[in-house]
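Peer 1: Model the structure of this input:
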Amino acid sequence: MKKDIEQIRSFNRFYTAHLGLLNEHILDGPYSLAEARILFEIGIRQPVTAQELATLLTLDKGYLSKIIKMFVNDGVIARTPSKEDSRVYHINLTAQGSNLLKDLQGKSDHQIEGFLTKLSPDEADMLVNSMKTVQNLLSADYSNLLLSGQVVYREGLKPGDVGYLIYLHGILYARESGYSQEFEGYMVKTFYEFLEHYDTGRDKIWLATYNGQIIGCIAILAKPDNEAQLRWFLVHPVFRGTGVGKHLLHAALTYCRGQQFKNVYLLTTDVQQKAIAMYKKAGFQPTASIQMEQWGKTLHEERYDLDLTTQH
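Peer 2: Purely as a prediction, here's the structure:
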């Protein structure tokens, strides 16, 4: 925790210095950072009330009142009484204020463009995606549901996907289930065998990504006798409980029904109780269980089947 705190403080010092946020006037304009921020929010949200600005920016009402009075005297905003309540005033930018804000936004865009042009496209993506994640995680209304709203789903594999999926399985199963590195070797083997016989017409894999990074997956592999195997169902811990796993499982089973497979089965272990609960809810039934020593643990490998011939 101490190292994390030190890193955050270090970032704060770097960020404020790098963007010139400690300067008396921001972007060579007439106002400080706090004053310019208020002007930006008025421009975005107008008409807006002082109470709404105070709540949004968590500002002292007395301090905010002084800034609003200064803006009125400078001719950049106008206050008009509300028709519903004469004690409440709506704040709007004047034509002068709109021109000033446009100038500040142009300077801000130019400043940001200067940062980005020093980076490669991949580096720029990394920077922007990291900023988006910071904003999401520190948002006042943050929950992992906020993150899940930005999850993108896609079907099929791109170069590098399999390597990342092996990594994700290896690190999460070691951390959460205590599996040894032998499990990672097992994952390498299963994906190698999959790629050797990958039939894009019958075999399907769906991925969930956040900021371009894989955070969930599921696959359906066609088997003889009109059966299918469900494999590699995984959701990153941050995104569990948000509907990502439900979305992936629904996509996989909808595909199976569309292909008219008569049965879908999966192999798992008794350690994966949360996933098993999802399987049972979807209609899978346990059909076999074998105790074995593997991946550094004593496990029960379990088979679950879903008979699609009885479902409509």
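Peer 1: quick one: residue 154 and residue 209 touch, right?
Peer 2: Yes. Using CB atoms under 8 Å, residue 154 makes contact with residue 209 at a distance of 6.8 Å. C-beta coordinates here come from the backbone N, C-alpha and C atoms, glycine included.
Peer 1: More neighbours: these two, which one.
Peer 2: residue 209 (16 against 13; other CB atoms under 10 Å).
Peer 1: what's the pLDDT at the more buried one?
Peer 2: pLDDT, residue 209: 95.
Peer 1: Can you report phi and psi for it?
Peer 2: Torsion angles at residue 209 (phi, psi; degrees, to the nearest 10) stand at phi -130, psi 150.
Peer 1: residues contacting it?
Peer 2: 151-154, 215 (CB atoms under 8 Å, 6 or more residues apart in numbering).
Peer 1: ok, 7 Å please
Peer 2: Shown in contact with residue 209 (CB atoms under 7 Å, 6 or more residues apart in numbering): 151-152, 154, 215.
Peer 1: Quick check: bridge partners of it?
Peer 2: On the basis of DSSP bridges, residue 209 is bridged to residue 152, residue 214.
Peer 1: any low-confidence regions in this protein?
Peer 2: 16-27, 140-146, 311-312 (pLDDT under 70).
Peer 1: how is it carved up into domains?
Peer 2: 2-118, 152-310 (automatic domain parsing).
Peer 1: Burial-wise, tell me which of the ones you listed comes out on top.
Peer 2: Of all the domains of the chain, domain 152-310 has the most neighbours on average by mean count of other CB atoms under 10 Å, namely a mean of 16.
Peer 1: That one spans what distance, first to last residue?
Peer 2: 33 Å (CA to CA, to the nearest Å).
Peer 1: and what of stretch 151-161?
Peer 2: 16 Å.
Peer 1: Show me what it is in contact with.
Peer 2: Contacts of stretch 151-161 (CB under 7 Å, 6+ apart): 204-210, 214-215, 239, 244, 247.
Peer 1: Equivalent analysis for stretch 233-248, please.
Peer 2: 144-145, 147-148, 151, 153, 168-169, 172, 206, 208, 215-218, 249, 275, 278.
Peer 1: and residue 166, what is it in contact with?
Peer 2: 184, 187-188, 191.
Peer 1: Next step: those restricted to helices.
Peer 2: Judged by DSSP state H, the contacts of residue 166 include 184, 187-188, 191 as members of helices.
Peer 1: Switch those over to TSV; also include distance to residue 58.
Peer 2: Conversion of the ones in helices among the contacts of residue 166 to TSV gives the following (distance: CB to CB, whole Å):
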residue	distance to residue 58
184	46
187	47
188	50
191	49
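Peer 1: Out of the residues you listed, which is nearest to residue 199?
Peer 2: Nearest to residue 199 out of the ones in helices among the contacts of residue 166 is residue 191 (CB to CB; 15.0 Å).
Peer 1: So for the closest one, what's the nearest residue that isn't a sequence neighbour?
Peer 2: Computed as CB to CB, 6 or more residues apart in numbering, the closest residue to residue 191 that is not its neighbour in sequence is residue 162, at 5.1 Å.
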